[in-house]
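Peer 1: Build me a structure from this.
(one chain, ligands or ions: 2)
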Amino acid sequence: MCMTNNIPQGSIPIIDMSNWEDPKVAKSICDAASEWGFFQIVNHDVPVEVLKNVKDATYNFFRLPAEVKNKYSKEHSSSNNVRFGTSFTPQAEKALEWKDYLSLFYVSEEEAFALWPSVCRREQVLDYMKKSEVVIKQLLQVLMKGLNVDEIDEAKESLLMGSMRTNLNYYPKCPNPKLSVGVGRHSDVSTLTILLQDEIGGLFVRGNEGDDWIHVPPIKGSLVINVGDALQIMSNGRYRSVEHRVVANGSNNRISVPIFVNPRPTDMIGPLPELVANGEKPIYKQVLYSDYVKHFFRKAHDGKKTVEFAEL
Ligand SMILES: O=C(O)CCC(=O)C(=O)O
Ligand SMILES: [Fe+2]
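Peer 2: Numbers count the residues shown, from 1 in each chain. Ligands and ions are numbered 1, 2, ... in the order given. Okay, the predicted model is just below:
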């Protein structure tokens, strides 16, 4: 596919990754991360076959009878790292979100083979994660360069992408979509999120003027990338995590598969020392990442409020 890096009017940028090291492409990635917080990538290194397989894996899991899926619910799952659920934080929500999910926190291949449901073809989910890592590293390298952080050493790599969670999301057809939502307004708590969506559509992003919602159109073979709160905090606000939501759909089921690329739960996150050393005034404090995530999951989705937890 031949794409320019132009931003279509009223739409989030679409970036061709085939020459990702080209300074012009690198600039369009950094600009997209600071102006929009969201973009789509095409001609990336994740093979189409891998994307197809992970979608099949998702359908396979959600087609299972309720009693089989329930083996992975909070009450029954043998591990916190594998969790089937509905909505987001049901105990804190006034109305549930019209969504089921299977959340898979990656620890090791060995653990994934032991604990992840075999029916969802864990090899395929693992392959999607592994192949996406290449793209994640390219994006992080470019984004760090944009902050004048030229080297991503082992410690920095671990801070930026030391843990990963893949969710298989299923939004069943909703009898009265006007009365419900797929996912409420929120920003992600990740460093970056890599999202595969199917052809149905329904993801909306807060526009950079702040008062409009922009649809993220499904593009065959593309991946949607968004900045999460952790990167907003580490970049001292230069890259923005942006509110997004998913509408409920009255005619079709929809699936999506985000990979949340996160710091490790035990990491302290705050503005990167390189930025502060340059004389920049920090606008966030250092917080323990697991505390930040706990704060996010304790409440219902509430737009961009989570990040206030780290504000100075
Ligand atoms: O399904 C989507 O398109 C987005 C899902 C989402 O925002 C999330 O899981 O954080
Ligand atoms: Fe999200």
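Peer 1: Can you show me the helices along the chain?
Peer 2: Ranges of helices within the chain are 23-35, 48-62, 66-69, 109-115, 122-145, 154-161, 229-234, 273-277, 289-298, based on DSSP state H.
Peer 1: Check which residues of the longest one are buried.
Peer 2: The neighbour-count criterion (16 or more other Cβ atoms under 10 Å) identifies 122, 124-129, 131-133, 135-136, 138-145 as the buried residues of helix 122-145. (Glycine included, C-beta is placed from N, CA and C.)
Peer 1: What of the first one?
Peer 2: In terms of neighbour count (16+ other Cβ under 10 Å), helix 23-35 has its buried residues at 25-26, 28-35.
Peer 1: Kindly report the same for the third one.
Peer 2: Using 16+ other Cβ under 10 Å as the burial criterion, the residues of helix 66-69 that qualify are residue 69.
Peer 1: for residue 88, what are its contacts?
Peer 2: Contact partners of residue 88, counting by Cβ atoms under 8 Å, 6 or more residues apart in numbering, are 97, 99, 183-184, 300-301.
Peer 1: among the residues you listed, which two are most distant?
Peer 2: The largest separation in the contacts of residue 88, counting by Cβ to Cβ, is between 99 and 300 at 13.3 Å.
Peer 1: Settle it for me: which of the two has more neighbours?
Peer 2: The neighbour comparison of residue 99 against residue 300 (other Cβ atoms under 10 Å) goes to residue 99, with 24 against 17.
Peer 1: how close does the residue of the chain positioned farthest from its centre get to residue 236?
Peer 2: Note on the chain: the largest C-alpha distance from the chain mean falls to residue 279, namely 30.9 Å (Cα atoms, centre = their mean). Remark: distance between residue 279 and residue 236 (Cβ to Cβ, to the nearest Å) = 12 Å.
Peer 1: got it, and residue 278?
Peer 2: Counting by Cβ to Cβ, the gap from residue 278 to residue 236 is 10 Å.
Peer 1: repeat for residue 191
Peer 2: Distance of residue 191 to residue 236, given as Cβ to Cβ: 14 Å.
Peer 1: How about the residues of the chain by ligand 1?
Peer 2: Residues of the chain lying close to ligand 1 (Cβ under 6 Å from any ligand atom) are 167, 169, 183, 188, 195, 197, 203, 244, 246, 256, 258.
Peer 1: ok, which stretches of this protein are strands?
Peer 2: Under the criterion DSSP state E, strands of the chain are mapped to 14-16, 38-42, 82-86, 100-106, 163-171, 181-186, 192-197, 203-206, 213-215, 223-227, 244-247, 254-262, 268-269, 287-288.
Peer 1: per-residue confidence for the residue lying closest to residue 69 once chain neighbours are set aside?
Peer 2: Using Cβ to Cβ, 6 or more residues apart in numbering and skipping the chain neighbours, the partner closest in space to residue 69 is residue 84 (5.1 Å). Residue 84 carries a pLDDT value of 96.
Peer 1: Would you enumerate the residues in contact with residue 84?
Peer 2: Shown in contact with residue 84 (Cβ under 8 Å, 6+ apart): 69-73, 77, 100-103.
Peer 1: Any of those buried? List them.
Peer 2: 69, 72, 77, 100-103.
Peer 1: ok, the residues of the chain next to ligand 1 vs residue 295, which is closest?
Peer 2: Of all these, residue 295 sits closest to residue 188, with 13.7 Å by Cβ to Cβ.
Peer 1: pretty sure that closest one contacts residue 241?
Peer 2: Yes - the criterion here is Cβ atoms under 8 Å, and residue 188 meets it with residue 241 at 6.4 Å.
Peer 1: Among those two, which residue is more densely surrounded?
Peer 2: More neighbours surround residue 241 than the other of residue 188 and residue 241, with 27 against 24 (other Cβ under 10 Å).
Peer 1: How confident was the prediction at the residue most central in space within the chain?
Peer 2: Geometric centre of the chain, nearest residue: residue 193, 2.5 Å, by Cα atoms, centre = their mean. On pLDDT, residue 193 comes in at 98.
Peer 1: on that earlier part again, of the contacts of residue 84, closest to ligand 1?
Peer 2: residue 101 (7.5 Å; Cβ to the nearest ligand atom).
Peer 1: Report the contact partners of that closest one.
Peer 2: 84-86, 167-170.
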